[in-house]
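In: This is the structure alone, sequence omitted:
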């Protein structure tokens with residue numbers, strides 16, 4: 001696997017994966033295909049600017065011409081590209097379908113035509129829906145929101161290309177992920193950056209939603225482990241086992257910054273909001289995956305990163321069209 005195509009490689013998890021691969025010399029060359037929409041940011045790859053091992057192609061994964069340019073000379077495809085925010089997908093479900101389903105179909109077709117060694121689809125635990133127990137890899141997919149439904153559809157097409165055409169496909173279903181370079185509309189970076197500016201922190205409903213949290217460094221390692229050692233045709237749950245209540249996470253962020261809990265504002269809950277996620281991860285553990293489970297320490301480390309890299313996130317939040325317009329639209333009717 002000398003030459004990797006990483007779609008969505010200028011986004012959060014994708015860019016962290018690219019940096020890991022190039023730092024550890026896990027491949028000779030990486031081509032990044034990214035549309036550079038609101039969450040794609042070439043600053044995330046600035047460390048390797050001018051490095052001959054990194055090639056950038058600007059384009060959407062649903063654009064066949066762009067995909068052909070990026071995919072024809074690579075060994076494997078890893079698809080990180082997605083419309084990944086539930087809130088945005090509620091406002092515009094079609095955008096989620098175009099990227100998370102149609103785009104996957106275009107990539108799979110390219111992988112088949114160019115006879116790539118492997119195709120890895122980066123998915124999410126949200127395809128399962130919500131649970132009071134634990135998600136297991138053979139469980140039915142029961143997504144509750146447009147984003148996760150489109151991701152589930154993409155997964156099913158990945159399965160179909162394996163069963164019908166023999167494509168060597170893999171799927172990872174990752175848990176909630178946090179860390180450096182995450183777009184500041186997601187829970188942890190939104191709360192950190194708002195708290196730094198003493199702006200109210202919007203918490204959905206009663207804040208008692210439970211999530212399984214995994215640091216992005218672990219997520220990147222887990223994906224690479226499945227790429228190289230996973231069984232084709234299989235979907236791997238990829239989580240840490242670190243369950244935390246959303247409200248407790250928010251309070252931990254405020255404590256790390258020395259800010260008062262009075263900044264918290266309960267707002268109207270999101271429609272179709274899943275209550276709890278937790279996955280059984282025996283398959284990837286059998287491959288040797290051993291994530292860092294010290295959530296509190298890694299959360300403090302993440303908060304510190306946003307404090308020390310304020311210019312990065314402030315440039316994003318000051319973009320009136322891409323960031324502020326969405327925040328105003330989404331939260332306008334959710335004030336608590």
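Out: The structure has been received and is ready for your questions. Not measured: the values here are computed from a predicted model.

In: For residue 34, what are phi and psi?
Out: When read as degrees, to the nearest 10, the backbone of residue 34 gives phi -150, psi 140.

In: do residue 40 as well
Out: phi -80, psi 140.

In: Could you report the neighbour count for it?
Out: Residue 40 has 20 neighbours, counted by other Cβ atoms under 10 Å. Bear in mind the C-beta positions are built from the backbone N, C-alpha and C, glycine included.

In: Report the contact partners of it.
Out: 8, 10-11, 34 (Cβ atoms under 8 Å, 6 or more residues apart in numbering).

In: Quick check: it vs residue 198, distance?
Out: 29 Å (Cβ to Cβ, to the nearest Å).

In: what does residue 276 give?
Out: 31 Å.

In: Which one of the two is surrounded by more residues?
Out: residue 276 (16 against 10).

In: Quick one: the contacts of residue 40 as JSON lines, columns for neighbour count, pLDDT and secondary structure too.
Out: Below are the contacts of residue 40 laid out as JSON lines (neighbours: other Cβ atoms under 10 Å; pLDDT from 0 to 100; DSSP: H, G, I helix; E, B strand; the rest coil):
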{"residue": "8", "neighbour count": "28", "pLDDT": "98", "secondary structure": "coil"}
{"residue": "10", "neighbour count": "27", "pLDDT": "98", "secondary structure": "coil"}
{"residue": "11", "neighbour count": "28", "pLDDT": "97", "secondary structure": "coil"}
{"residue": "34", "neighbour count": "29", "pLDDT": "98", "secondary structure": "strand"}
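
In: how does this protein divide into domains?
Out: Structural domains annotated on the chain: 3-177+214-238, 180-211+242-272+295-323, as defined by automatic domain parsing.

In: Give me whichever of those domains is most buried.
Out: Neighbour counts (mean count of other Cβ atoms under 10 Å) averaged over each of the domains of the chain peak at domain 3-177+214-238, with a mean of 20.

In: Quick check: which element contains residue 297?
Out: Residue 297 is part of helix 295-308, with elements assigned from DSSP states H and E.

In: Specify the next element, helix or strand, located C-terminal of that helix.
Out: Next element after helix 295-308 (DSSP H and E): helix 310-317.

In: Quick one: mean pLDDT over that following helix.
Out: Average pLDDT, helix 310-317: 96.

In: what angle separates it from helix 295-308?
Out: 80 degrees (axes from the mean of the first three to the mean of the last three Cα atoms, to 10 degrees).
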